[in-house]
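1. fold the following and give me the result.
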Amino acid sequence: MTAELVLDEDRSELPADRYSERELSWLAFNNRVLDLARDAARVPLLERARFLAIFSSNLDEYFMVRVAGLKRRIAAGVAVPSASGILPRDLHEKILTRTRELVTQQARVFADEVRPELAEQGIEVLRWDQLTDSEKATLTTLFEERIFPVLTPLAVDPSHPFPYISGLSNNLAVLLKNPMTGARQFARVKVPAVLSRFLPLAEGRFIAIEDVIARHLDRLFSGMQVLEHSTFRVTRNEDLEVEEDDAENLLHALEKELLRRKVGRPPVRLEVEDDIDDKMLDLLVSELDISEKEVFKLPAPLDLRGLFSLADLDRESLKYKAFLPKTHPELAEVETAMPADMFAALKHRDVLLHHPYHSFATSVQRFIEQAAADPAVLAIKQTLYRTSGDSPIVDALIEAAQSGKQVLALVEIKARFDEQANIGWARKLERAGCHVVYGLIGLKTHCKLSLVVRDEPDGLRRYCHIGTGNYNPKTARMYEDVGLLTANPVITDDVARLFNHLSGMGQETHYKRLLVAPHGIRRGLVEFIDDEIEHHRAGRPAGIRIKVNSIVDETVIDALYRASGAGVSVELWVRGICTVKAGVPGLSENIRVRSILGRFLEHSRLFWFANGGQPRVGIGSTDLMHRNLDRRVEVLASLTNPRHMATIEGLFDLAFDDGTASWWLEPDGWVQHTAAPDGEPLLDLQEHLISSLGSRRERVGG
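-> Below is the predicted model of the structure:
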């Protein structure tokens, strides 16, 4: 009997309703973000405002991509149910219903909790009628000098068709009356994104820019009577659709699609003020060709992403305590060397990095910058999925190429919403003489790899970095990630062969210390899970611990269900989407799922298997989703250093300790656990790591 037939038989024994709905699970994740905005006991006030902004930003992307894709399937007549058994049209209804509940809660949290508490701390978001006469005069002058010149009012009449409303822009809908004829007319004013959303007045006093524009509409429509005005906002389908016929045309095809993204994308959501005039709303619904159920009526101000600017105010007492990442202890000894010699340190030991607790600048960035400047380095190979606007990584690669080194940059220009920036970096690298490739047709290159080839007295030696996060110095201060710096010849040989596969025509699928998607990770993980079942049955130590951003893949989930049914302990640490059902009798009694959210975005992917007492431990770039396992190049690297393996095990121990603050997935949904029965706050994992790794660094530094 083949392995596939065995798997089908095993699946037939599992209930049909064994998966949670992916899209609703994502909304449950965003509700956990909203929980942080609610959490006055543990989260500083300005950080709560930031989480309200993050909630809005997350929801925007969700509608632009996931809901847009769902609407495409509905429009195409696709009637195939999701893995949870819900048909597309029914799922769309459930999403809209749940979203309406969540955004209503978000508006209430802002209006009833965060906004009043900000006011108590001297940070006020005001309406026009709350301003002093002096402030109104100041804003009128500002309007005349800075706002009015960049506004473009667009009227709708037989000679002026309804204007295109760009996605995520804030707009004023205006109903006008001609005093001479009595005729009524609709007009739209786009709120300029180039100006601050919340305009500062006196110390700590702010007003939304659309409120200022609304109070000066007579200047835009002189001679007309302004009857009504209201703000509105449209979300459009912003996902890219590119046919990858061949790599040579991919760059041009993507540039063309990015241009098309700016116009002609169908709307998927309309947000309006809750007091909007009914006729004005009817016009918007009709002209935008959107259904009434996709309309969300909310109190002003719309688009709480604007709270990002308030969260950045210089009020340190209302934020998380300042944190400065430390140099990893095993790299600290090279910190004072002139120049710092990363390669000398890596000859003696592998280094397991944990960002942002360990500094990205004094580890990964220094590794690449030293390689670029070192005359003994012959070649650098680098993947770039997302990077920052002023990337020192890109600058180092350019410096290396200009000094005569062989530089290969594998730029993933299909990284969603970073496509334009990545095209720019690709062009810049090419002009500098780097070899730039765009990965494999049909696959996104999502793995995080850097390889350095160095000419040393005893021959060529290779060094590499394998990470779970992007080579982005900015997000490295906000994202939690893990990385391995190593000169281990087995690993570096694997990485070298993988780069050859990505840049050439090789068909490499077998590696010694790596699992590589799309061919090897799902198969490898299922084999590891099945091994745990055998270990448990034989009475040997068995257990499974996995940390990912999301878990959706049915094959892996079914393997975990089989392991649970066999009595194997399964612990899943999931930040976002989780379609696993935990603690369900007869299905998943032995599966526990925890989620941790906080000041840093948990982003690392970690894997631990007891393996009969000789643990298998790995780090990687992959989530357990179809796109990662089937349509991306991902890497999962195994660790062998006992200290590194113990570090990963220790992180799982902390995450699953009942004394650590987290969300627990119960059969009925997610439950937040932040305080003990006696009311004492539970351990904040991220704050604990800040203090423990920081104090450790200070001891090493003497």
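
2. tell me the confidence at the closest residue to Arg269 other than its chain neighbours?
-> Spatially, and ignoring its direct neighbours in sequence, Arg269 is nearest to Thr235 (4.0 Å; Cβ to Cβ, 6 or more residues apart in numbering). Every residue, glycine included, has its C-beta placed from N, CA and C. pLDDT for Thr235: 96.

3. what's the first helix or strand after the one helix or strand Glu23 maps to?
-> Assigned by DSSP states H and E, Glu23 belongs to helix 22-38. Using DSSP H and E, the next helix or strand after helix 22-38 towards the C-terminus is helix 45-62.

4. mean confidence (pLDDT) on stretch 526-540, please.
-> pLDDT averaged over stretch 526-540 gives 98.

5. and what of stretch 277-293?
-> For stretch 277-293, the per-residue pLDDT averages 93.

6. begin at 18, not 1, for the rest of this chat.
-> Fine by me, first position is 18 from now on; the one you just mentioned is stretch 294-310.

7. okay, buried residues for it please.
-> Neighbour-count burial for stretch 294-310 flags Asp294, Met297, Leu298, Leu300, Leu301, Val302, Leu305, Ile307 (criterion: 16 or more other Cβ atoms under 10 Å).

8. next one: stretch 372-382
-> Buried residues in stretch 372-382 (16+ other Cβ under 10 Å): His372, Pro373, Tyr374, His375, Ser376, Phe377, Thr379, Ser380, Val381, Gln382.

9. and the longest strand for the chain?
-> The longest strand of the chain (DSSP state E) is strand 242-253.

10. for this protein, spot the helix or strand the model is least confident about on average.
-> helix 20-29 (a mean of 47; mean pLDDT, DSSP states H and E).

11. quick one on the thing from earlier: just name the closest of the buried residues of stretch 372-382 to Ala349, please.
-> Ala349 has its nearest neighbour among those in Thr379, at 8.5 Å by Cβ to Cβ.

12. can you map out the strands along the stretch 168-317 of the chain?
-> 171-173, 187-194, 201-207, 215-217, 222-225, 242-253, 284-290, 312-315 (DSSP state E, counting those that start in this stretch).

13. residues of stretch 57-71 that come out buried?
-> 59-71.

14. er, stretch 625-634 I mean
-> Buried-residue list, stretch 625-634, by 16+ other Cβ under 10 Å: Trp625, Phe626, Ala627, Asn628, Gly629, Pro632, Arg633, Val634.

15. pLDDT added to those, as CSV?
-> Shown next, in CSV, are the buried residues of stretch 625-634 (pLDDT from 0 to 100):
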residue, pLDDT
Trp625, 98
Phe626, 98
Ala627, 98
Asn628, 98
Gly629, 97
Pro632, 97
Arg633, 97
Val634, 98
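
16. with adjacent residues omitted, what lies nearest to His705?
-> Leu671 (7.1 Å).

17. could you give the number of residues near that neighbour?
-> 17 (other Cβ atoms under 10 Å).

18. tell me the average confidence for whatever helix or strand it lives in?
-> Element membership of Leu671 [criterion: DSSP H and E] is helix 659-672. Averaging pLDDT along helix 659-672 yields 97.

19. and the contacts of that helix?
-> Contact partners of helix 659-672, identified using Cβ atoms under 8 Å, 6 or more residues apart in numbering, comprise 367, 369, 371, 499, 501, 562, 564, 588, 590, 611, 613, 623, 625, 632, 634, 636, 656, 677, 679, 700, 702, 705.

20. of all the residues in that helix, which ones are buried?
-> Result for helix 659-672 [16+ other Cβ under 10 Å]: buried residues His661, Met662, Thr664, Ile665, Glu666, Leu668, Phe669, Leu671, Ala672.

21. in CSV, list the C-alpha atoms belonging to it.
-> These are the backbone C-alpha positions of helix 659-672, laid out as CSV (Å, rounded to 0.1, in the frame of the first residue of the first chain):
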residue,chain,number,x,y,z
PRO,A,659,22.8,21.4,22.3
ARG,A,660,22.7,25.0,23.7
HIS,A,661,20.8,26.3,20.8
MET,A,662,18.3,23.4,21.0
ALA,A,663,17.9,24.1,24.7
THR,A,664,17.2,27.8,23.9
ILE,A,665,14.4,26.9,21.6
GLU,A,666,13.0,24.4,24.1
GLY,A,667,13.2,27.1,26.8
LEU,A,668,11.1,29.5,24.6
PHE,A,669,8.4,26.8,24.3
ASP,A,670,8.5,26.1,28.0
LEU,A,671,7.8,29.8,28.7
ALA,A,672,5.1,30.2,26.1
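
22. helix or strand next in line after that helix, which one?
-> Past helix 659-672, the next helix or strand by DSSP H and E is strand 679-683.

23. now for that next one, which elements pack on it?
-> strand 608-612, strand 686-690 (3 or more Cβ pairs under 8 Å, 6 or more residues apart in numbering; DSSP states H and E).

24. so which of those strands is the most surrounded?
-> strand 608-612 (a mean of 22; mean count of other Cβ atoms under 10 Å).

25. given that one, what are its sheet partners and their directions?
-> Taking DSSP bridges as the criterion, strand 608-612 forms sheet pairs with strand 587-591 (parallel), strand 679-683 (antiparallel).

26. who does Glu683 bridge with?
-> Gly686.

27. and it, how close does it get to Gln689?
-> Remark: distance between Glu683 and Gln689 (Cβ to Cβ, to the nearest Å) = 11 Å.

28. go on, Arg83?
-> From Arg83 over to Gln689 (counting by Cβ to Cβ), the distance is 24 Å.

29. what of Asn628?
-> Distance from Asn628 to Gln689, by Cβ to Cβ: 33 Å.

30. could you find the closest non-adjacent residue to Thr503?
-> Asp367 (4.2 Å).

31. if we can go back for a sec, save the buried residues of stretch 294-310 as CSV, and put in distance to Pro316 too.
-> Listed next are the buried residues of stretch 294-310 as CSV, based on distance: Cβ to Cβ, whole Å:
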residue, distance to Pro316
Asp294, 16
Met297, 17
Leu298, 15
Leu300, 21
Leu301, 18
Val302, 20
Leu305, 21
Ile307, 21
